[in-house]
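> Give the three-dimensional model of this entry:
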Amino acid sequence: MSSLLIPISPLAKAKSRLREVFTGGQIENLIISMVKDLGNILSTIDCFKNILVYCHNNKILELVQKFGLIGIKEKVISPRKSFDKVINEINSIAINDYHAKQTIITFLDTILISAKNFKEINSLLQKNQIVICPAFHSAGISVLGRNPPNIIPTFFSDTKTPSLIALINEAKKRGISEIKIYDSFRAGFDIDTKKDLVLAFEYMKILNLTNTNIYRFLINNLNLKLKKSNDNNREFRIKENYK
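You can find the predicted model right below:
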């Protein structure tokens, strides 16, 4: 069975690109809403050997324990570690302290992800060396499974090449052939920009996810909406939506 790893950035640094939309306090509430929703999903499945949450914030660590997840406190240093180093730290903890034979990395901001997605990714990892769910908005990675956990490093901090492309290129160099691309809109959709937020709000209504903490947060705090730019479905303008 796989170990599921969830790294969470310090709240002071989390979702910095959303600070033009939300205050620091609102972003903290958004993060808490994400934790609660992910905890609710994970509490319904039993396909993982254990689930490790790596975070510096005590409030979040206490919260995840209520869902039966294992909270591990990250030591924050200055200057801030690269994200790849953070990933390597939690991966090493999973290997050394929890004897993980396979690890799957997921992130809080894939807010449309489902229990079915987790089950399918875990099942695919039993038969492959690497399982990747590409990020919907970019050439990034939303979920990454490795079997064994140290088969290949991550490239989230690469300043020149998107993480998905960098990892695939490295896998080819290493002769890794058992790679499965998990093609999923729901697992690949993450929120990093204000456009993502507005799209997420609409998708959650379409997917009947209106009973989630994140949806309730957005309906109470998001004051934006999308409007088509002329007749082009690929171009949108974001405008304030005063209620």
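
> any low-confidence regions in the chain?
11-14, 227-243 (pLDDT under 70).

> Count residues in the vicinity of Asp37, would you?
21 (other Cβ atoms under 10 Å). Every C-beta, even on glycine, is put in place using the N, C-alpha and C of the backbone.

> wait, it sits on Ile214?
Yes. Between Asp37 and Ile214 a contact is recorded at 5.5 Å, counting by Cβ atoms under 8 Å.

> so what sits against both of these two?
Jointly contacting Asp37 and Ile214 under the rule Cβ atoms under 8 Å, 6 or more residues apart in numbering are Ile111.

> now Leu125: how far from Glu178?
Relative to Glu178, Leu125 is positioned 10 Å away (Cβ to Cβ, to the nearest Å).

> actually Ile168, not the one I typed
Taking Cβ to Cβ, one finds Ile168 at 13 Å from Glu178.

> the more surrounded of those two?
Ile168 (22 against 12).

> The more buried one: what's it in contact with?
Going by Cβ under 8 Å, 6+ apart, Ile168 touches 132, 179.

> swap in the one 10 residues further on?
In this structure, Glu178 makes contact with 127-130, judged by Cβ under 8 Å, 6+ apart.

> residues near the closest residue to Phe155 other than its chain neighbours, how many?
Of all residues not flanking Phe155 in the chain, Ala166 sits nearest, at 3.6 Å (Cβ to Cβ, 6 or more residues apart in numbering). The number of residues packed around Ala166, counting by other Cβ under 10 Å, is 20.

> again, but for Ile6
Quick note: Ile6 (other Cβ under 10 Å) scores 24 neighbours.

> which helices and strands does the longest helix along the chain pack with?
Across the chain, the longest stretch assigned as helix under DSSP state H is helix 24-42. Secondary-structure packing of helix 24-42 (3 or more Cβ pairs under 8 Å, 6 or more residues apart in numbering; DSSP states H and E): helix 58-65, helix 115-125, helix 213-221.

> for it, which positions count as buried?
Neighbour counts over helix 24-42 (16 or more other Cβ atoms under 10 Å) mark 26-39, 41-42 as buried.

> now do stretch 155-170
Of the residues in stretch 155-170, those buried (16+ other Cβ under 10 Å) are 155-156, 162-164, 166-168.

> which pair in those spans the largest distance?
Spanning the widest gap among the buried residues of stretch 155-170 are Phe156 and Ile168, at 13.9 Å by Cβ to Cβ.

> which residues sit in contact with the residue nearest to the spatial centre of the chain?
Taking Cα atoms, centre = their mean, the centroid of the chain lies closest to Phe107, which sits 1.9 Å from it. For Phe107, the contacting residues are 6-7, 142-143, 190, by Cβ under 8 Å, 6+ apart.

> Distance check, it against Ile41.
Phe107 is 13 Å from Ile41, by Cβ to Cβ.

> and what of Ser163?
For Ser163 relative to Ile41 (Cβ to Cβ), the value is 24 Å.

> Also Ser177?
32 Å.

> OK, contacts around Glu120?
Contact partners of Glu120, counting by Cβ under 8 Å, 6+ apart, are 182, 184.
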